[in-house]
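>>> generate a structure from the sequence data that follows.
(chains A and B)
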Amino acid sequence: MIELSDVTKVFTLTKDQRKIVGSSELRPKLFTAVDSVTFKCDSGKVFALIGPNGSGKTTTLRMISTMMSPTSGIININGNNTAEDGRLARKSIGFMTNQTALYDRLSPYEMVKYFADLNSMDKDSFDQRCKDIFDRLDMNSFANKRIGTLSSGMKQKTSIARTIIHDPDIIVFDEPTTGLDVMTSRAIIELIRNSKEEKKTIIFSSHRMEEVKTLADDIGVIYNGKMIFSGSKSDFDAEMESTSYDDTLINLIENA
Amino acid sequence: MNIIFSIFKKELTDVLRDRRTLFFMIVIPVIVMPLIFIGSIKFQEYQSKKSDEKVLNIGLINKTSDSQIRDYLLDQKGVYLVEDIDLDSLELGIKNDSLQGGLYIHKNFINDISANAMGEVEVYYKSSDLMSKAKNRIYNALDIYKNEVVSERLSEFNVDKGLLEPLDIINKDMSTKKETIGKAVGGLIPYMLVIFIFLGAMYPAIDLGAGEKERGSLETLLSSPATKFEITVGKLMVVSLAGMVSGLISVVGISAPFYFIGNIPDQIKSTVLEIISPFIIVSVIILMIPIAIFFASMLLSISFYARSFKEAQSLMGPLNIIIIVPLMLTLGPGIEIDHITALIPLINVGLLTKEILAGSAQPIYFIETLSSLLFFAAIGIRFSVYWFNKENTIFRV
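Alright, predicted model coming up:
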């Protein structure tokens, strides 16, 4: 379970960033990327975080994964405050982006083993889990080839295996299908579905509203760092004045 | 500790499979170093031989009837005299390099010499022509003539030669061959060593920091249970090791020519091989460890800051100069290791290595240098960890 209470993230801007953000007269030193955000993702549910570029989705997901610390507010992962024990929180998290984020000079087996080691998995558990995943994802034929020589589909499978090797309770996806072809996107969507069946907590950010419609149980709309909508998919449907999720999102943003 | 070891193991595997890193870490020190070393020795030999054997055209304008200086000039090896020319042609010839030197003997020269006065001669040459030995050859001939005249004059006045040479200086050089060679080449070895530690550490540092950012793998690594401290230390260990290996290999590269070049005099060869003893190698390795850690921490910090591989490379470029300058200072004369210089990083390595190679290093300076290097290495590690913990650094856009 993921729980965010009044979470805010403020960045100190560099000189160059100030020029981009503010006018020449008004160059703010601070930038609030996430502003008093509160929401909850329950186990076995899929939470979709949507909003335009630069709205604060990635920063929110990075704070959930403890890569960044919130300036204020509390994030609980399975009941543990991430500010108190980040390592414990990270042990129950798998993180994935649309970039495969792999090391070209390692093999898929070495890559997955590395993340198993970082998660302090013992040899027997790793061997069993690795075999299951490699069988399920049909990875055995390329398990020992260098990642740099693999196709994008094979790389994506390796990335999935790396994310779930330690059997995390929570999986965080940051725009997982952006820029990917249909086949590769499908593998990720399958992963989200399977993880939901395994009663895991899933949060993902996306620009693809069809994906949100298909996968999400709960939806959060973030705009300019503020959560302007948070509720179940049926609540979101109720907000709809048109038949399109895209139009509903735009309406919510325009009315914010 | 297990997590640090896992990161170390993975990064080491990754680095050892990177051709670019291997090239800088192993190929350059092993192949390029001996080639540069052997090449420069051979080139110098060739140039020196060429210069010695080169026949120089020397213009001679002799306004006297005496031919003694002319004869002495002709006795010099590699001199071809161009005579019957006027002063303008002599000057023009030197300017356009058809003549390498010239001698003008004035009309009254013999009369002045005979009158026990000073005879006037003019020597023409180009100081910019470094390879030309025309001036030396003319001076040699003139010296022979001068000594002869002085002897004649002294005997004419019944004066003993000792009157003009009151001192009989007998040089007693107390340096051992090891000291002489150690101090001479001792400056070069730390110079090469430090440069190669830096170069060997540079590419792994870029790959493990900025490269990781560029691949997007830094985010997934940060979302693992590894702490930022563990990630930094694991990576630092690999970068430091790469630097140390590169440094060690460069020492092998420098010493290899002494085994393979045939025409190095046996005495020099045996002295150099005596210098490269296990004790000296161990001492230098001990000094290398903190240098490599310090470089690794600086390079990794820059790499964490850079947005891309390219940016990291351009940020690291100026560091080369910062490293080279203090080492260059140690190559010059007059700077010795003392209680102050032993505390200044890089300068202390340069000076102490010279002393170690000459066999004259004092333990107190070794301890001071090592303490100073360890102190800076510790600061480097602390800074890297602090730097990697800064969100503005690792998520810099």
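
>>> from here on, just use CA atoms for contacts and neighbour counts.
Noted.

>>> which residues of chain A lie near chain B?
A:65-68, A:86-91, A:93-96, A:99-103, A:105-106, A:114-115, A:117-120 (C-alpha under 8 Å from any C-alpha of the partner chain).

>>> report how many residues lie close to whichever residue of the stretch 51-200 of chain B sits closest to chain A.
Among the residues of the stretch 51-200 of chain B, residue B:200 lies closest to chain A, at 18.9 Å counting by C-alpha to the nearest C-alpha. Counted by other C-alpha atoms under 10 Å in any protein chain shown, the residues lying close to residue B:200 total 31.

>>> any idea how far residue B:255 is from it?
For residue B:200, the distance to residue B:255 equals 19 Å [C-alpha to C-alpha, to the nearest Å].

>>> elements contacting the one helix or strand residue B:301 maps to?
Per DSSP states H and E, residue B:301 falls inside helix B:278-305. Applying 3 or more C-alpha pairs under 8 Å, 6 or more residues apart in numbering or on different chains; DSSP states H and E, one finds that helix B:278-305 contacts helix B:188-206, helix B:228-260, helix B:309-331, helix B:347-358, helix B:363-389, helix B:391-394.

>>> quick one: residues contacting residue A:145.
A:106, A:107, A:108 (C-alpha atoms under 8 Å, 6 or more residues apart in numbering or on different chains).

>>> the closest residue to the last one other than its chain neighbours: neighbouring residues, count only.
This means residue A:108. Leaving aside its sequence neighbours, residue A:108 sits nearest to residue A:143 (C-alpha to C-alpha, 6 or more residues apart in numbering or on different chains; 5.1 Å). Using other C-alpha under 10 Å, residue A:143 has 18 neighbouring residues.

>>> how near is whichever residue of the stretch 101-250 of chain B sits closest to chain A to residue B:104?
Per C-alpha to the nearest C-alpha, residue B:217 is where the stretch 101-250 of chain B lies closest to chain A, at 4.1 Å. Using C-alpha to C-alpha, residue B:217 is found at 78 Å from residue B:104.

>>> just the pLDDT at residue B:74, thanks.
What the model reports for residue B:74 is a pLDDT of 88.

>>> residues contacting it?
B:80, B:81.

>>> that one belongs to a strand?
No. With DSSP: H, G, I helix; E, B strand; the rest coil as the criterion, residue B:74 is assigned helix and is not in a strand.

>>> and the longest strand for chain B?
strand B:56-62 (DSSP state E).

>>> all helices of the stretch 1-150 of chain A, in order?
Secondary structure of the stretch 1-150 of chain A (DSSP state H, counting those that start in this stretch): helices located at A:15-21, A:57-64, A:86-91, A:108-118, A:123-136.

>>> for these, which one sits closest to residue B:22?
For residue B:22, the closest of the helices of the stretch 1-150 of chain A is helix A:108-118, at 20.6 Å, according to C-alpha to C-alpha.

>>> what about the closest one, distance to the chain center?
Taking C-alpha atoms, centre = their mean, to the nearest Å, one finds the center of helix A:108-118 at 20 Å from the center of the full chain.

>>> contacts only, for the spatially most central residue of chain B.
The residue lying closest to the centre of chain B (C-alpha atoms, centre = their mean) is residue B:188, at 4.6 Å. Shown in contact with residue B:188 (C-alpha under 8 Å, 6+ apart): residue B:331.

>>> could you redo the last one with a cut-off of 6 Å?
Contact partners of residue B:188, counting by C-alpha atoms under 6 Å, 6 or more residues apart in numbering or on different chains, are absent.

>>> quick check: the residue of chain A nearest chain B.
residue A:101 (4.1 Å).

>>> how many neighbours does the residue lying closest to that residue once chain neighbours are set aside have?
Taking C-alpha to C-alpha, 6+ apart, and ignoring the residues beside it in sequence, residue A:101 has residue B:217 as its nearest neighbour in space, at 4.1 Å. Using other C-alpha under 10 Å, residue B:217 has 19 neighbouring residues.

>>> residue A:182 now?
Other residues close to residue A:182 by other C-alpha under 10 Å number 9.

>>> shaky segments in the chain?
In the absence of a named chain, chain A is used. A:17-28, A:239-245, A:256 (pLDDT under 70).

>>> not quite, I wanted chain B
B:1, B:130-132, B:178, B:181-187, B:257-269, B:271-276, B:397.

>>> kindly report the residues of it close to chain A.
Within chain B, the positions lying close to chain A (C-alpha under 6 Å from any C-alpha of the partner chain) are B:3, B:14, B:215, B:216, B:217, B:222, B:223, B:224, B:225.

>>> identify the farthest-apart pair in those.
Going by C-alpha to C-alpha, the pair spanning the residues of chain B next to chain A furthest: B:3 and B:215, at 21.5 Å.

>>> these two - which one has more neighbours?
Each of residue B:3 and residue B:215 has its neighbours counted (other C-alpha under 10 Å); residue B:3 has more, 20 against 17.

>>> tally of neighbours for residue B:221?
Residues near residue B:221, counting by other C-alpha under 10 Å: 20.

>>> state the phi and psi torsions of it.
phi -70, psi -40 (degrees, to the nearest 10).

>>> look up how far residue B:109 lies from it.
Distance from residue B:221 to residue B:109, by C-alpha to C-alpha: 89 Å.

>>> just residue B:191 next, same as before
Counting by C-alpha to C-alpha, the gap from residue B:191 to residue B:109 is 54 Å.

>>> chain neighbours aside, what residue packs nearest to residue 196?
Because you didn't say which chain, this covers chain A. residue A:44 (5.2 Å).

>>> please refer instead to chain B.
Closest to residue B:196 by C-alpha to C-alpha, 6+ apart is residue B:247, at 5.1 Å.

>>> same check on residue A:106?
residue A:146 (5.4 Å).

>>> got a list of what that neighbour touches?
A:105, A:106, A:107.

>>> burial of the closest residue to residue A:178 other than its chain neighbours, as a residue count?
Residue nearest to residue A:178 in three dimensions, not counting chain neighbours: residue A:98, with 5.8 Å by C-alpha to C-alpha, 6+ apart. Neighbours of residue A:98 under the rule other C-alpha under 10 Å: 19.

>>> could you verify my assumption that residue A:98 touches residue A:177?
Yes. Between residue A:98 and residue A:177 there is a contact under C-alpha atoms under 6 Å: 5.5 Å.

>>> what about residue B:9, how many neighbours?
Residue B:9: 17 neighbours (other C-alpha under 10 Å).

>>> tell me the SS of it?
Per three-state DSSP, residue B:9 ends up helix.

>>> on that earlier part again, reformat the helices of the stretch 1-150 of chain A as TSV; add mean neighbour count.
Below are the helices of the stretch 1-150 of chain A laid out as TSV (neighbours: other C-alpha atoms under 10 Å in any protein chain shown):
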stretch	mean neighbour count
helix A:15-21	13
helix A:57-64	23
helix A:86-91	21
helix A:108-118	23
helix A:123-136	15
